[in-house]
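Peer 1: Fold the following and give me the result.
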Amino acid sequence: EADRRRPAMASAARPRLADLQALQHHPDRMRTICILAHVDHGKTSLTDALISSNGIISARQAGRLRYMDSREDEQDRGITMKASAIALVHTPPAAEGEDPPLSQLVNLVDSPGHVDFGSEVSTAVHVADGAVVVVDAAEGICVQTHAVLQQVWRGRLAP
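Peer 2: As a prediction, the model looks like this:
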């Protein structure tokens with residue numbers, strides 16, 4: 001019964017394949033989240049940082065590796081052209097003196113920010129339960145920021 005309720009995690013930094021497989025049997029603990037923003041506002045860098053939190057890439061490479069940009073043309077141009085997804089495990093820290101919270105399976109979707117790839121963004125929004133909208137602190141709200149916010153509102157995604 002305990003295994004069904006709370007899969008044992010290998011470690012907070014590096015979940016095992018068995019951890020991911022166990023969480024797939026708990027739809028109430030699975031979320032699909034898309035990362036949205038204007039072009040060059042940091043979606044892929046944020047995604048790299050989240051991937052490094054699961055020990056898939058090193059923290060030193062996060063933001064430079066562009067792990068989700070697996071196509072050669074994406075690497076050459078330095079922009080995301082196709083939405084890509086990865087499954088990550090998130091285990092919130094336990095409050096002092098309490099049992100650790102249940103882990104969550106997060107299907108993270110990194111989407112393009114360039115206006116030419118709007119259909120990829122639309123697809124990411126349609127498969128997601130929620131969205132993270134990234135805004136560059138220096139540039140602020142831009143044209144694509146408005147466009148992705150409209151898609152989030154139309155899709156009724158949870159923040």
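Peer 1: alpha carbons only for contacts and neighbour counts from here, please
Peer 2: Will do.
Peer 1: What are the buried residues along stretch 147-159?
Peer 2: Residues of stretch 147-159 classed as buried: 147-149, 151-152, 155, 157 (neighbour count, 16 or more other Cα atoms under 10 Å).
Peer 1: can you list the residues that contact that stretch?
Peer 2: If you take Cα atoms under 8 Å, 6 or more residues apart in numbering as the criterion, stretch 147-159 is touched by 36-38, 121-122, 125-126, 128-133.
Peer 1: again, but for stretch 66-86
Peer 2: Contact with stretch 66-86 is made by 39-40, 44-45, 47-48, 107-114, 117, 120-121, 124, as judged by Cα under 8 Å, 6+ apart.
Peer 1: next structured bit after the helix or strand containing residue 120?
Peer 2: Here residue 120 sits within helix 118-127, counting by DSSP states H and E. As assigned by DSSP H and E, the chain's next helix or strand after helix 118-127 is strand 130-134.
Peer 1: State the mean pLDDT of that following strand.
Peer 2: What strand 130-134 shows for mean pLDDT is 93.
Peer 1: and the angle from the helix or strand following it to helix 118-127?
Peer 2: Downstream of strand 130-134, the next assigned helix or strand under DSSP H and E is helix 143-155. Compare the direction of helix 143-155 with that of helix 118-127 by axes from the mean of the first three to the mean of the last three Cα atoms, to 10 degrees and you get 30 degrees.
Peer 1: ok and helix 143-155 relative to strand 130-134, angle-wise?
Peer 2: Using the same axes, to 10 degrees: helix 143-155 against strand 130-134 is 160 degrees.
Peer 1: distance between helix 143-155 and the chain's centre?
Peer 2: A distance of 17 Å separates the C-alpha centroid of helix 143-155 from that of its chain, computed with Cα atoms, centre = their mean, to the nearest Å.
Peer 1: Same question for stretch 74-83.
Peer 2: 17 Å.
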